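J.: no FASTA, just this:
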């Protein structure tokens with residue numbers, strides 16, 4: 001008698017980052033560490049250029065190829081959660097949005113990558129606007145960083161915890177989603193601070209800062225991926241946020257050192 005049961009299935013829709021610290025590679029390693037079965041619909045390929053100050057080189061995946069990946073993943077498994085990372089172009093965003101509207105995953109975690117580095121400024125702005133129009137309204141959980149919280153909330157500055165709380169509330173009002181607004185190391189003080197708000201619960205999450213400066217790639221990607229994994233396993237949004245923050249803090253503490261100007265978060269099973 002076969003008594004095997006499948007683990008939750010989580011799909012990441014994201015780009016590849018060739019040094020292995022961020023993007024889809026970080027997502028899949030996070031899924032593995034947290035005990036869910038993960039798959040990937042690849043949207044773009046990012047390869048930093050070590051000959052040009054480690055600038056971004058960006059190559060989008062054709063929209064039809066993205067559609068085909070999404071179709072295959074959905075046909076094979078139930079979507080317990082979907083995590084959105086870098087989409088990269090308006091065409092990609094429209095393709096992904098159409099899929100999400102048709103298939104409506106229960107948990108849709110958006111890491112709102114609003115600046116697509118490696119693109120021309122006009123193309124980047126078009127991508128940002130398309131993401132806000134087509135993907136943001138579909139999300140059930142959003143994890144904006146400091147810059148993204150400014151953009152999504154419309155605020156001019158976020159300098160302290162009160163500002164971050166206000167940003168989280170404004171983003172929730174606009175999207176209807178649970179929000180984890182990441183102050184992390186951008187706010188002054190010894191604590192890495194994020195604010196959770198879902199329209200009812202408001203909680204300030206704090207952990208001691210690890211090291212100086214934003215020099216660990218993959219923290220934001222892994223945080224959103226960990227939230228998606230925990231939601232897929234049945235955690236409530238606030239519980240998922242707390243567990244994800246613990247996971248990322250441990251990964252920063254045990255970072256992988258590299259020859260690039262940034263280290264990489266290590267996705268480990270605690």
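T.: On my side now, so go ahead. All values reported here derive from a predicted model rather than from experimental measurement.
J.: Strands along the chain, start to end?
T.: 9-17, 37-46, 58-60, 81-84, 108-110, 141-142, 178-184, 191-197, 202-208, 216-217, 263-264 (DSSP state E).
J.: any idea which of these is most buried?
T.: The highest average neighbour count among those, using mean count of other CB atoms under 10 Å, belongs to strand 81-84 at a mean of 30. C-beta coordinates here come from the backbone N, C-alpha and C atoms, glycine included.
J.: Of all the strands of the chain, which one is nearest residue 165?
T.: strand 191-197 (5.2 Å; CB to CB).
J.: how near is residue 163 to residue 184?
T.: Here the criterion is CB to CB, to the nearest Å. By it, residue 163 lies 14 Å from residue 184.
J.: now the strands of the chain in JSON lines, with mean pLDDT and distance to residue 167?
T.: JSON lines is the format used below for those (pLDDT from 0 to 100; distance: least, CB to CB, whole Å):
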{"stretch": "strand 9-17", "mean pLDDT": "96", "distance to residue 167": "24"}
{"stretch": "strand 37-46", "mean pLDDT": "96", "distance to residue 167": "27"}
{"stretch": "strand 58-60", "mean pLDDT": "93", "distance to residue 167": "28"}
{"stretch": "strand 81-84", "mean pLDDT": "98", "distance to residue 167": "20"}
{"stretch": "strand 108-110", "mean pLDDT": "98", "distance to residue 167": "15"}
{"stretch": "strand 141-142", "mean pLDDT": "98", "distance to residue 167": "11"}
{"stretch": "strand 178-184", "mean pLDDT": "93", "distance to residue 167": "5"}
{"stretch": "strand 191-197", "mean pLDDT": "94", "distance to residue 167": "8"}
{"stretch": "strand 202-208", "mean pLDDT": "94", "distance to residue 167": "12"}
{"stretch": "strand 216-217", "mean pLDDT": "88", "distance to residue 167": "23"}
{"stretch": "strand 263-264", "mean pLDDT": "90", "distance to residue 167": "28"}
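J.: These: which one's closest to residue 66?
T.: Nearest of the strands of the chain (CB to CB): strand 37-46, 5.9 Å.
J.: just the angle between the closest one and strand 9-17, please?
T.: 20 degrees (axes from the mean of the first three to the mean of the last three CA atoms, to 10 degrees).
J.: where along the stretch 151-270 of the chain do the helices fall?
T.: 161-175, 219-232, 237-253 (DSSP state H, counting those that start in this stretch).
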